[in-house]
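> got a predicted structure here, sequence first:
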Amino acid sequence: MNPMTRLMSFVLIACSAVFVSNTSLAASSPPAAAEFYPLVGHWHGNGQLAESGQAAVKLALKLSCQKVSSGWAVRCAMQARNKQMLMTESDLMGVDPVTGQAHWYAITNQGETHDHLAAWPNAHTMKAHYDWTQDGKHMHEDITFNLKGKHAMTFQSVVSVDGKQAGEFSGELKN
């Protein structure tokens, strides 16, 4: 067998093994991302954004979430707007099948990229957090989603700088 044929055989065998193991994993267990499925849908509502020491700004909210990657992830697009501002966010949520850790990766039109660690303490509540250092200060974001049946939810995101609350983004959404 020439070296090229041997290489191609090896590649085909390796790809087949990966395909078979992934297929059997997918067939034998439900996607771990199922805990994010309650977010799936087209949501709309109202919210507010407040920075420390300033009046809250009212916002119209839209959130659209769908299952992706054969149900192994949930992808969302968020929009918060009023006449003065537009905030957009793209989200991808899933669970590492090896560690069991849920992740919520978010990217905003303001250049923020956060890999939140998420947990569902019960079927109606998701809590997520992200820690980072910015300009030598310890930053922390805590987010809570409270689902109220299949058609309503509230959320609250609180950002702290060196342990002091610096801002809050909250809202109510209906599906």
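Yep, that arrived.
> which residues touch the residue most central in space within the chain?
Nearest to the geometric centre of the chain sits Trp104, at 3.0 Å (Cα atoms, centre = their mean). Going by Cβ atoms under 8 Å, 6 or more residues apart in numbering, Trp104 touches Asp91, Leu92, Met93, His114, Asp115, His116, Leu117, Ala118, Ala128. In this view, the C-beta of every residue, glycine as well, is placed from N, C-alpha and C.
> would you show me how to pick out the buried ones of these in PyMOL?
Those of the contacts of Trp104 that count as buried under 16 or more other Cβ atoms under 10 Å are selected in PyMOL with:
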select buried, resi 91+92+93+114+116+118+128
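> can you tell me which of the contacts of Trp104 are in strands?
In strands, defined here by DSSP state E, the members of those are Asp91, Leu92, Met93, His114, Asp115, His116, Leu117, Ala118, Ala128.
> from the residues you listed, which is closest to Ala33?
Ala33 has its nearest neighbour among the ones in strands among the contacts of Trp104 in Met93, at 6.5 Å by Cβ to Cβ.
> measure that closest one to Leu49 for me?
22 Å (Cβ to Cβ, to the nearest Å).
> do Asn175 as well
Asn175 is 22 Å from Leu49, where distance means Cβ to Cβ.
> what helix or strand is the closest residue to Phe36 other than its chain neighbours on?
Nearest residue to Phe36, sequence neighbours excluded (Cβ to Cβ, 6 or more residues apart in numbering): Val74, at 4.1 Å. Assigned by DSSP states H and E, Val74 belongs to strand 73-81.
> adjacent strands (with direction) for that strand?
Strand pairing for strand 73-81, using DSSP bridges, gives strand 57-68 (antiparallel), strand 86-95 (antiparallel).
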